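[1] predicted model and sequence follow; I will ask about them next.
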Amino acid sequence: MAKVENKNKQNPKLQQSELKDGRASLYLEFYLGRSETPVLDDDGNQVLYTSGAMVGKPKYQIKHVRKRENLNLYIWLHPRNTQERLQNRNTLALAEKIRFEREQEFLEDREGYRLKKDRQRDFLQYYRDFFSEDSNLTKDMKCSIRSSYNRFVNFLRESPKYSHYDTVMRMEQLTPDMVLAYTEYLKKHSNGVGPLILYGRFKKVVTAAFDEGLIKKHPCKGITIKWDRNSFSKEILSPDEIKKLMATRYKGENTEMQRAFIFCLFTGLRWCDVKLLTYANVDPMTKTLRFQQKKVRNVSSRSWVTTPLTDDMLALVGEPITNDRSSELVFKIGPYVSCNLQLKKWVAEAGIRKNISWHCSRHSFAVNLLSNGANIKTVADLMGHSSITMTEKYLHVVDSLKQDAINSLGSISYAMP
């Protein structure tokens, strides 16, 4: 019977899996180390040893992590003739060649066998610690870093060269080549400022590991993602499309979501702000809306925004049901994903062929104001931007709209005398 031979210290090892048709499928098994997870009781407290030499010390569940790579190579379990035996020898020789190449790559990534203990730490676990409950970062920053972590793990899983690192990856296995490949992945799978933000969060984690001495050389050094701050690729709703949307009625519509989205179209609020809006933020006497932007609450001196309200906007807000204006929400809307799905259905029912998300209301607000001749400084104040630099990107959309308006006049057929 044909069988793969292995030496104990090989990593990866060449293994085989028997098939029903009398053959065996060959694969490589990588040993990626072990992970330790604290053992917790029902109350979430870490369990301690109560007997033996480890009394009083915390318990950990140890898991050995292995990764499998199928080679798509097959051998005969019971070769019947010379041809099948020769085929087995050739296939095993090829499989061993691949195994040896993978082993060299694996050892190079690990800097041989002389890695210091701290550099053997799991980078992915270190990454996860940044958005854990014990982290000192703000809730929004934790959420942002969690998103960047998920994107990095997706990159590892979808990359044939790095897929065996998607569970455990030691610090020194994070190389400049991997980082460069990750930036290309981000530019391909994200739009607008997305790649810049995701890479910035990733780089923040890597820099922290480097500053702690966990990484010998900074793998992000010299690798950047450039973004044209004046570029703008988001969809906007024109005033005519907004009127069309507001006039659209259909069975099963969510009027509370619609009311909130329309309010955002005429005030420029983000979803995270309109969801938290209470009647205490609205002053019917002065016809103003005053609120603190959640996104920049702790990082900007311009986090507070005051927006004038028209009678139509006040009618959209309505009157509180209770006497507690400070806690009663103006708009009782669901989670962001649910709101976006409902919004897309509404847009489709209105016959608008655009990929509209909730944040497009904010973009539409800025572009429509500028198109109607509003001063850019005024628009920046209404948007809550810390400087007009952030608002200038909308000017390029306005210039494009002006060009489209001129082009719509048609050609000039006047013949010069």
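    Thanks, I have it.
[2] give me the below-cutoff pLDDT ranges for the stretch 251-400 of the chain.
    298-301, 397, 399-400 (pLDDT under 70).
[3] how about the helices in it?
    Counting by DSSP state H, counting those that start in this stretch, the stretch 251-400 of the chain has helices at residues 255-267, 271-276, 311-317, 336-349, 360-371, 376-383, 393-407.
[4] which strands and helices sit next to the fourth one?
    So that's helix 336-349. Taking 3 or more CB pairs under 8 Å, 6 or more residues apart in numbering; DSSP states H and E as contact, the helices and strands that helix 336-349 lies on are helix 255-267. C-beta here means a position set from N, CA and C on the backbone, and glycine is covered the same way.
[5] ok, the most centrally placed residue in the chain to residue 130 distance?
    For the chain, the residue nearest the mean C-alpha position is residue 147 (3.6 Å; CA atoms, centre = their mean). The gap separating residue 147 from residue 130 is 12 Å, by CB to CB, to the nearest Å.
[6] for residue 98, find the nearest of the helices of the stretch 251-400 of the chain.
    Set against residue 98 and scored by CB to CB, these come closest in helix 336-349, at 42.9 Å.
[7] and for the closest one, what's in contact with it?
    245, 248, 250, 253-254, 257-258, 260-261, 271, 333, 354, 356-358 (CB atoms under 8 Å, 6 or more residues apart in numbering).
[8] and which of those residues is nearest to residue 221?
    Distance to residue 221 across the contacts of helix 336-349 (CB to CB) is lowest for residue 357, with 35.4 Å.
[9] phi, psi of that closest one?
    Torsion angles at residue 357 (phi, psi; degrees, to the nearest 10) stand at phi -110, psi 170.
[10] picking that back up, wait, is the residue nearest to the centre of the chain part of a helix?
    Yes: counting by DSSP: H, G, I helix; E, B strand; the rest coil, residue 147 falls inside a helix.
[11] could you say which of the helices of the stretch 251-400 of the chain is packed most deeply?
    helix 360-371 (a mean of 22; mean count of other CB atoms under 10 Å).
[12] helices and strands around that one, which ones?
    Applying 3+ CB pairs under 8 Å, 6+ apart, we find helix 360-371 packed against helix 255-267, helix 376-383, helix 393-407.
[13] follow-up on the earlier one: now for the helices of the stretch 251-400 of the chain, which one comes closest to residue 177?
    Residue 177 sits nearest to helix 393-407 of all these, at 33.0 Å, using CB to CB.
[14] how many neighbours does residue 61 have?
    Neighbour count for residue 61, taken as other CB atoms under 10 Å: 11.
[15] thought it was touching residue 34?
    No: in this structure, residue 61 is not within contact of residue 34 by CB atoms under 8 Å, at 10.3 Å.
[16] follow-up on the earlier one: turn the helices of the stretch 251-400 of the chain into TSV, including distance to residue 98.
    Output for those, formatted as TSV (distance: least, CB to CB, whole Å):
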stretch	distance to residue 98
helix 255-267	55
helix 271-276	50
helix 311-317	65
helix 336-349	43
helix 360-371	49
helix 376-383	56
helix 393-407	50
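[17] which of these sits closest to residue 176?
    Closest to residue 176 of the helices of the stretch 251-400 of the chain, according to CB to CB: helix 393-407, at 31.3 Å.
[18] list the contacts of stretch 208-221.
    With contacts defined as CB under 8 Å, 6+ apart, stretch 208-221 is touched by 118-119, 121, 123, 126, 130, 171-172, 174-176, 178-179, 202-203, 206-207.
[19] domain boundaries for the chain, per the record?
    Listed by automatic domain parsing, the domain ranges of the chain are 13-109, 119-211, 239-407.
[20] closest to residue 222 out of those?
    domain 119-211 (7.9 Å).
[21] quick one: average pLDDT of the closest one?
    Mean pLDDT, domain 119-211: 88.
[22] what's the answer for stretch 38-53, then?
    Stretch 38-53 comes out with an average pLDDT of 76.
[23] contact partners of stretch 27-45?
    Outside of stretch 27-45, the residues within contact range by CB under 8 Å, 6+ apart are 11-17, 46-47, 58-71, 98-99, 102, 106, 120, 122, 125, 164-165, 167-168, 170.
[24] now do the strands in the stretch 101-250 of the chain.
    With strands called from DSSP state E, counting those that start in this stretch, the stretch 101-250 of the chain shows none.
[25] that one: helices as residue ranges?
    For the stretch 101-250 of the chain, the helices defined by DSSP H, counting those that start in this stretch occupy 123-130, 139-158, 176-189, 194-211, 239-246.
[26] need these in TSV (columns: distance to residue 29).
    Putting these into TSV (distance: least, CB to CB, whole Å) gives the following:
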stretch	distance to residue 29
helix 123-130	20
helix 139-158	18
helix 176-189	22
helix 194-211	28
helix 239-246	56
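[27] residue 387: what's its closest spatial neighbour, skipping adjacent residues?
    Distances taken as CB to CB, 6 or more residues apart in numbering put residue 380 closest to residue 387, at 7.0 Å, once the chain neighbours are dropped.
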